[in-house]
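>>> Next comes the sequence, and after it the predicted model I'd like to discuss.
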Amino acid sequence: MKVPHWRIVLPLLVFIQILFSHTSAQTVNPKAKLLYEQSQQYILERKFDQAVSALEKAIEREPNYPEAHFRLGNVYELKSQVEATENYADLSRQHYEKAIELKPGNPSFMSAYSILGDYYLRKADYTKAKDYYQKFLDLKPPKQFQVTMAMQQIANCNFAAEAMQHPLAYKANAMTKELNKFALQYFPVLTADQQTVFFTARKGLDARSDENIYVAYRKGNEWTEPTPLSDRINTVENEGTCTISADGRTLVFTNCDGRQSFGSCDLYVSYKIGNEWTEPLNLGNKVNSPFWESQPSLSADGRTLYFTSDRRGGYGKRDIWVSKLGDDGLWGVASNLGTNINTPDDDLSPFIHVNAKTLFFSSKGHIGMGGFDLFSSELEGGKWSFAKNLGYPINNQDDQVSLFVSADGKKGYFAHEERQGRKYISSQLYEFDFPEEIAVKHKSNYLKGIVYDAKTKKSLEAKIELFNLNDGALEAVMKSDRKEGSYLTVLTEGASYGLYVDKEGYLFKSLYFDYSGTKNNEPVVLDIYLQPIEKGAKDILNNLFFETGKWELEGKSKTELDKLMALMKNTKGLRIEISGHTDDVGKDSDNLELSLKRAKSVYDYLINAGVEKNRLTYVGYGETQFAVPNNSEKNRQLNRRIEFKVL
């Protein structure tokens, strides 16, 4: 059963106090009244079944006994909370409705109206729910929070009724039986290439059943049998609710009480090197606190972490927070995402899309279908936009608590839960085609491959940086795998990118990717070969830009020039030749002059930046040294280039 977002389970003595505050002034059957009074003692002794029996007998003798109906509704409501059985909620509803039918508008029965509103909201009968909330308000509840919350429930009813008139094209399907083999599985996350899935699972329905993280791999259109992630990560304690970087090599997960921690549940990190995971480390007291931290979500490069916490300093119960990894390798002080995201109620399960601009999360506090709904927000000018409900039927009267969206924005993944009352009887992994109406604004795709030594063909660990050439901003930093040399990064629509691969003792590699359009570019698989720094070694400067027929460097060339400057600074004694090249269009003499002037523009920049003249030379080769045949516009573009060579 879904607990309404503004209801709380009252302490038993307070609940009983409310039960006993309603006494009948009417003349009733003496035996019925005695049974009614006996129920009070049963409740005090927590003998709820005897209380139910006494009240039912009282009603048999006096069918129109409103106080007995109201108290029986209370007891069934209490039993539904304690024993988590939906049948009790329905019995509670019947007796509350009878009580207010017998005494409509009676302030003593005020709480029945709010409880009935909650009941019909859970059943998606928004017309009835709204009517009961309004009648509750008409009785002028004494507490302001009651007024505020009832008004929000009315707003939820209005929103839900409208949303159901405009359903999204949505159909969810269970993932393969191999993945859904456990009693419960939930919180699925995937690598950017959608070839690996991680999720949390329990083998039994009992809350005491061990919770572990599992991994499976895509083989064609199927998934392999899921296996426990690693003995270093999974223990006899509970580990779960994890997140993974785009390349699948940085894992942050939740552990409660089983490791050295700052509070009840903390976040831990482990790194994959080759096929092995490192010993998990606590993320430290700038992320974790004496309170509850869970539900992490990593940015694509693993350097920004969103998570849920009920720590002090937030705006409600559980809020969404963010921390960034510094250049010193330490996580910074977590900050709250603010009121466009967080509310006075629960806001949780953040998921940051690999584009680093779209945040999905679950909330009870924003207007929705009732209970937990899924929302999205866009990062605009450094601030998060106000939360937007994803709509119906992705959201409905049940709780929707988590979502993962693929890099290309085409697929959504979640866990579909089934309950009896509040007890889980099933939780399975589902996927669906993401509706175009609510698609992410900036779709992404991945670039992956292996970094090699160009001479020995051995794989290398190298630093990889991704720059947005539009503004020169560094968008991602990572390393290729220490053992395998593999790398994966994400490219997002709306920008042109410079990718730089660096390793001490090698010439840096620069690559250019134009994602400035809005089309969904395809994934790229590209192995990268680094040239050892030795005489004759050369490479192309792919991120230098000139207007057609001109030699003045455009502003977005600065990132490349600074990289070349850093290479000269960090490699003592290095001498290089900068050479300009053109295609075969135009006069030979004009091409020779243009290539020379473009090479000199790069030379002048470095000299003005402080490089000694005796370490640099420049030359123009025109069209005499083409890299590929000049038989297409694509090839001609490749021949229009600036190279640098070790002297």
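Cool, the structure landed.
>>> where do the strands sit along the stretch 201-350 of the chain?
For the stretch 201-350 of the chain, the strands defined by DSSP state E, counting those that start in this stretch cover 211-219, 222-223, 227-228, 239-244, 250-256, 265-273, 276-277, 281-282, 293-298, 304-309, 319-324, 335-336, 347-352.
>>> Show me the one of the ones you listed that comes nearest residue 204.
Within these, the stretch nearest residue 204 is strand 211-219; the backing value is 10.2 Å (Cβ to Cβ). Where you see a C-beta, it was placed from the backbone N, CA and C, and this is true even at glycine.
>>> From the contact counts, what lies against that closest one?
Packed against strand 211-219 by the contact rule (3 or more Cβ pairs under 8 Å, 6 or more residues apart in numbering; DSSP states H and E) you find strand 196-202, strand 227-228, strand 239-244.
>>> returning to what we had before: export the strands of the stretch 201-350 of the chain as a markdown table, with columns for mean pLDDT, distance to residue 558 and mean neighbour count.
Converted to a markdown table, the strands of the stretch 201-350 of the chain look like this (pLDDT from 0 to 100; distance: least, Cβ to Cβ, whole Å; neighbours: other Cβ atoms under 10 Å):
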| stretch | mean pLDDT | distance to residue 558 | mean neighbour count |
| --- | --- | --- | --- |
| strand 211-219 | 95 | 40 | 19 |
| strand 222-223 | 95 | 45 | 15 |
| strand 227-228 | 96 | 47 | 12 |
| strand 239-244 | 94 | 34 | 26 |
| strand 250-256 | 95 | 30 | 23 |
| strand 265-273 | 96 | 33 | 22 |
| strand 276-277 | 96 | 39 | 14 |
| strand 281-282 | 95 | 37 | 14 |
| strand 293-298 | 97 | 30 | 25 |
| strand 304-309 | 98 | 25 | 24 |
| strand 319-324 | 98 | 24 | 22 |
| strand 335-336 | 98 | 31 | 14 |
| strand 347-352 | 97 | 29 | 25 |
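>>> Relative to residue 489, which of those is closest?
Nearest to residue 489, of the strands of the stretch 201-350 of the chain and by Cβ to Cβ, is strand 250-256 at 12.9 Å.
>>> for residue 330, phi and psi?
The phi/psi pair for residue 330 (degrees, to the nearest 10) reads phi -110, psi 150.
>>> so it touches residue 283, yeah?
No: at 9.3 Å, residue 330 does not count as touching residue 283 under the criterion of Cβ atoms under 8 Å.
>>> With neighbour numbers in mind, choose between those two.
Between residue 330 and residue 283, residue 283 has the larger neighbour count (other Cβ atoms under 10 Å), namely 23 against 12.
>>> mind checking how far the nearest residue to the more buried one once chain neighbours are set aside is from residue 93?
Among residues not flanking residue 283 along the chain, residue 267 sits closest, at 4.9 Å (Cβ to Cβ, 6 or more residues apart in numbering). Distance of residue 267 to residue 93, computed by Cβ to Cβ, to the nearest Å: 41 Å.
>>> hang on, the earlier thing: so what's the residue nearest to residue 283 up against?
Residue 267 sits next to 252-254, 282-283, 287-288, 293-294, 296, 305, 307 when contact means Cβ atoms under 8 Å, 6 or more residues apart in numbering.
>>> any chance of the helices and strands packed on strand 211-219 in CSV, plus distance to residue 623?
Putting the helices and strands packed on strand 211-219 into CSV (distance: least, Cβ to Cβ, whole Å) gives the following:
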stretch, distance to residue 623
strand 196-202, 47
strand 227-228, 57
strand 239-244, 48
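>>> so residue 624 sits in a helix?
No: using DSSP: H, G, I helix; E, B strand; the rest coil, the secondary structure at residue 624 is coil, not a helix.
>>> Please look at residue 32 and residue 64 and confirm they touch.
No: in this structure, residue 32 is not within contact of residue 64 by Cβ under 8 Å, at 10.3 Å.
>>> more neighbours, the two?
Just comparing residue 32 and residue 64: by other Cβ under 10 Å the higher neighbour count belongs to residue 32, 21 against 13.
>>> what number of residues lie near residue 338?
12.
>>> which one is it nearest to, not counting chain neighbours?
residue 384 (6.6 Å).
>>> For residue 634, see how far away residue 512 is.
13 Å.
>>> Tell me which of the two has more neighbours.
Per other Cβ under 10 Å, whichever of residue 512 and residue 634 has more neighbours is residue 512, with 16 against 8.
>>> hey, what's that one bridged with?
residue 498 (DSSP bridges).
>>> contacting residues for it?
Per Cβ under 8 Å, 6+ apart, neighbours of residue 512: 469, 496-499, 542-543.
>>> Relative to residue 589, which of those residues is nearest.
For those, the nearest to residue 589 is residue 542 (26.6 Å; Cβ to Cβ).
>>> mind checking the SS state of the closest one?
Residue 542 - assigned by three-state DSSP - is coil.
>>> just checking, it touches residue 508?
No: if you go by Cβ under 8 Å, residue 542 and residue 508 don't touch, sitting 10.9 Å apart.
>>> what about the helices in this structure?
For the chain, the helices defined by DSSP state H occupy 12-19, 30-44, 48-61, 66-83, 86-102, 110-122, 126-138, 144-163, 558-570, 588-608, 633-639.
>>> And these: which comes nearest residue 486?
Residue 486 lies closest to helix 558-570 among the helices of the chain, at 22.8 Å (Cβ to Cβ).
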